[in-house]
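# structural data only, the sequence is not supplied:
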């Protein structure tokens, strides 16, 4: 029974890692991270008519996002290696793996919080017209999310594999 619990714990941790890996690319090449993720596309930037200072701020945010994604990939690989090492042991230390996973999540959260704060500072310095454009972009993004959600609900269920 202990072996079954060990493998169940490993499976749960593996699924957590898979969730991290899937979240890394979410939002496409123009950033899905943060509340203003939609402002990173070239089309959105053209609509915003950013000042040079705002453009520099945006590039700084983009660089931090890229750095965070790369760090998450590296941490995911390290976690996988740690998991493989633990699974090679007769009695894997799942508490150690859980601790590593918690550290990864905390670091990710801190990075995302810093990016959000930078994005909010950028937004605070925008003109009323630019803020209106951000609102419009966010509304368009929400509509796309709703469309995807509706399309997903109407898909035929996948039959179980035999």
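Cool, got the structure. Because the structure is a prediction, the values reported are computed rather than measured.
# packing partners of the host helix or strand of residue 143?
Following DSSP states H and E, one finds residue 143 within helix 128-153. Packing partners of helix 128-153 (3 or more C-beta pairs under 8 Å, 6 or more residues apart in numbering; DSSP states H and E): helix 42-48. Every C-beta, even on glycine, is put in place using the N, C-alpha and C of the backbone.
# state the mean pLDDT of the helix or strand just after the helix it packs on.
Reading on from helix 42-48 to the C-terminus, the next helix or strand found by DSSP H and E is helix 52-87. The pLDDT scores in helix 52-87 average 93.
# in helix 52-87, what counts as buried?
In terms of neighbour count (16 or more other C-beta atoms under 10 Å), helix 52-87 has its buried residues at 54, 57-58, 61, 64-65, 68-69, 72, 75-76, 79, 82-83, 86.
# I'd say residue 94 and residue 87 touch.
No. Using C-beta atoms under 8 Å, residue 94 makes no contact with residue 87, being 10.0 Å away.
# low-confidence ranges in this protein?
Low-confidence segments of the chain (pLDDT under 70): 1-38, 156-158, 162.
# same thing but 50
1, 4, 6-31, 33 (pLDDT under 50).
# what is the neighbour count of residue 115?
23 (other C-beta atoms under 10 Å).
# correct me if wrong: it contacts residue 60.
No. Taking C-beta under 8 Å as the definition, residue 115 is not a contact partner of residue 60, at 9.8 Å.
# got the contact list for the residue nearest to residue 47 when sequence neighbours are not counted?
Nearest residue to residue 47, sequence neighbours excluded (C-beta to C-beta, 6 or more residues apart in numbering): residue 133, at 5.1 Å. Contacts for residue 133 (C-beta atoms under 8 Å, 6 or more residues apart in numbering) come out as 44, 47, 48.
# can you say which of those residues are buried?
Judged by 16+ other C-beta under 10 Å, buried ones among these: 44, 48.
# will you turn the contacts of residue 133 into JSON lines that also has distance to residue 125?
As requested, these are exported to JSON lines (distance: C-beta to C-beta, whole Å):
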{"residue": "44", "distance to residue 125": "17"}
{"residue": "47", "distance to residue 125": "17"}
{"residue": "48", "distance to residue 125": "12"}
